[in-house]
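Undergrad: Sequence and predicted model, in that order:
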Amino acid sequence: MITSILRTKYFVAALLLLLPSAASAQGVLNGANTAWILTSTALVLFMTLPGLALFYGGLVRTRNVLSVLMQCFSIAVVVSILWLVVGYSIAFGPSESAYWGGLSKMMFNGVVVDSLSNDIPETVFASFQMTFAIITPALIVGAFAERIKFSAMLLFSALWVLVVYFPVANWVWGGGWLGQMGLIDFAGGTVVHVTAGIGALIFALVIGQREGFLTAPIMPHNLTMSFTGAGMLWVGWFGFNAGSALAADGNAGMAMFVTHISAATGALTWMAIEWIKFGKPSGLGAITGMVAGLATITPASGSVGPAGALLVGLSGGIVCYYATIYLKQKVKIDDSLDVFPVHGVGGIVGTFLAGILVSGELGIFSGNGLAQGMTMGSQVMVQIIGIFSVAAYTGILTFIILKVVGAITSGIRVTQEEEQMGLDITDHDERGYSL
């Protein structure tokens, strides 16, 4: 009898080991989680190539469409190499301090086939995080579109991820000081959207306005292309947010659902504002509102419930809309494709709201609950510290990098004649269209 029981116990144990979903303990490979993060990695890269590239490409004029596609593509290439060489080590290496991960994992030193990050292969975790590093500087492309030298763009992007993105990723996700404080940033409100938004704002201020800004119509040349890219961004964002759960579980499911709700609410809000103000909703407004909803929910997607997502998407749609109008028409800053008012402001709003809506005492709007020892007030204070510290660091370093790049490349901006000809010809000697 005892022998039979033991045999049954061993059989069940062996069977559990063969089931991927059962092997969830740290240090034991989980097949289901691994498959989901592999899928999420592909989805996030899909957001950049082709999603963001097509979204941005359709919004510029015909003579610059190829240059924007080339910029997004080239950033993906360069950042991938930098991630291998030092980026992963700086962001997620064994922390030597609270500010960076050191260089012990340069060239993926120690990252082998069998090494794990929790219960997924470390190579899978590193690949997933690499796609975040790729899309963040690619977002900044929208700030300087149609007027930057290709060489300056490439050098800036390389230096920027090295001294801005990699360290900030460590601060928040790699065991650094903001993570230790308890900052809620599930998928990149500060790491991705605040850094990209502030970087874009500084870049737009330094490079100056496009020829004809606010004095002549500068219209998107292909909204069909932008709609296609926007759809890819929406789908890819599920990998961005739900993938950040790093597991195929209920947290990932909730993150995916609230991401979708916030995107839909942001789009509807932007459309409604335009409908009320101008009598007609625009397609450009609909897809911009969708992106605003996605950017705003990103930091809070692991903390809020569906009703909270409605508030986040509504807030993102309203605040980002008026931030866009204010920046262009009042302050007259030519952030060409609205990177700061959509991504930067959206990331700030979402990071702030995460500190409130995470509370489990808000009735239907309750989130996952505050961490032990945290009150709503203390959590909101941590969120504010995270927003301001990342924004200040990014702004100062971006300005310095631009001055260095300008000195090396003899200016970051093309000549007036080259701008009129279009960057497709002047930078690449090609055309996006042969008409």
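TA: Yep, it's here.
Undergrad: neighbours of residue 281, just the number please.
TA: 19 (other Cβ atoms under 10 Å). To be clear about C-beta, it is placed using only N, CA and C from the backbone, and glycine gets the same treatment.
Undergrad: That one touches residue 275, doesn't it?
TA: Yes. Applying Cβ atoms under 8 Å, one finds residue 281 in contact with residue 275, separated by 4.7 Å.
Undergrad: so where's the protein shaky on pLDDT?
TA: 1-26 (pLDDT under 70).
Undergrad: wait, what's in contact with the one residue sitting closest to the centre of the chain?
TA: Among the residues of the chain, the one closest to the centroid is residue 192, at 4.1 Å (Cα atoms, centre = their mean). Taking Cβ atoms under 8 Å, 6 or more residues apart in numbering as the contact definition, residue 192 lies against 132, 135-136, 139, 298, 343, 347.
Undergrad: buried stuff in the helix ranked longest in the chain?
TA: Of all the segments of type helix in the chain, defined by DSSP state H, the longest one is helix 376-408. Residues 379-380, 382-383, 386-387, 389-391, 393-395, 397-398, 401-402, 405-406 are the ones in helix 376-408 that count as buried (16 or more other Cβ atoms under 10 Å).
Undergrad: Touching, residue 398 and residue 204? I think so.
TA: No. Assessed by Cβ under 8 Å, residue 398 is found out of contact with residue 204, at 10.8 Å.
Undergrad: And the strands in the stretch 101-250 of the chain, which stretches?
TA: All strands of the stretch 101-250 of the chain, identified by DSSP state E, counting those that start in this stretch, fall at 116-117, 120-121.
Undergrad: deepest of the ones you listed, which one?
TA: The highest mean neighbour count among those, using mean count of other Cβ atoms under 10 Å, belongs to strand 120-121: a mean of 21.
Undergrad: Tell me the strands beside that one, with direction?
TA: strand 116-117 (antiparallel) (DSSP bridges).
Undergrad: what's in contact with the partner strand?
TA: So strand 116-117 is in contact with 26-27, 29, 122, 124-126, going by Cβ under 8 Å, 6+ apart.
Undergrad: quick one, what contacts residue 284?
TA: 59, 220, 223, 226.
Undergrad: what number of residues lie near residue 369?
TA: 12.
Undergrad: Find the nearest non-adjacent residue to it, please.
TA: Once flanking residues are discounted, residue 369 sits nearest to residue 360: 3.7 Å by Cβ to Cβ, 6 or more residues apart in numbering.
Undergrad: Measure how buried that neighbour is and give me the count.
TA: 11.
Undergrad: how about it, secondary structure?
TA: coil (DSSP: H, G, I helix; E, B strand; the rest coil).
Undergrad: ok so, going back, turn the contacts of residue 284 into a markdown table, including distance to residue 174 and neighbour count.
TA: Conversion of these to a markdown table gives the following (distance: Cβ to Cβ, whole Å; neighbours: other Cβ atoms under 10 Å):
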| residue | distance to residue 174 | neighbour count |
| --- | --- | --- |
| 59 | 34 | 28 |
| 220 | 38 | 17 |
| 223 | 39 | 16 |
| 226 | 34 | 23 |
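Undergrad: What is the nearest of the residues you listed to residue 335?
TA: residue 59 (12.1 Å; Cβ to Cβ).
Undergrad: I'd say that closest one and residue 220 touch.
TA: Yes. Here residue 59 reaches residue 220: they are 4.5 Å apart, a contact under Cβ under 8 Å.
Undergrad: where do the contact lists of these two overlap?
TA: Common contact partners of residue 59 and residue 220 (Cβ under 8 Å, 6+ apart): 226, 284.
Undergrad: What's the end-to-end length of stretch 357-372?
TA: With Cα to Cα, to the nearest Å as the measure, stretch 357-372 spans 16 Å from end to end.
Undergrad: residues making contact with that stretch?
TA: 182, 184, 300, 302-305, 307-308, 311-312, 356, 376, 379.
Undergrad: try it again with 6 Å
TA: 182, 303-305, 307-308, 376, 379 (Cβ atoms under 6 Å, 6 or more residues apart in numbering).
Undergrad: Looking at the residues you listed, which two lie furthest apart in space?
TA: The most widely separated members of the contacts of stretch 357-372 are 182 and 307, with 23.7 Å between them, by Cβ to Cβ.
Undergrad: sorry, back to before: quick check: the residue nearest to residue 369 vs residue 88, distance?
TA: Using Cβ to Cβ, to the nearest Å, residue 360 is found at 35 Å from residue 88.
Undergrad: likewise residue 131?
TA: In terms of Cβ to Cβ, residue 131 sits 12 Å off from residue 88.
Undergrad: mind putting the contacts of residue 192 in JSON lines, neighbour count and distance to residue 269 included?
TA: Shown next, in JSON lines, are the contacts of residue 192 (neighbours: other Cβ atoms under 10 Å; distance: Cβ to Cβ, whole Å):
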{"residue": "132", "neighbour count": "25", "distance to residue 269": "26"}
{"residue": "135", "neighbour count": "25", "distance to residue 269": "24"}
{"residue": "136", "neighbour count": "27", "distance to residue 269": "25"}
{"residue": "139", "neighbour count": "26", "distance to residue 269": "21"}
{"residue": "298", "neighbour count": "33", "distance to residue 269": "17"}
{"residue": "343", "neighbour count": "34", "distance to residue 269": "17"}
{"residue": "347", "neighbour count": "31", "distance to residue 269": "17"}
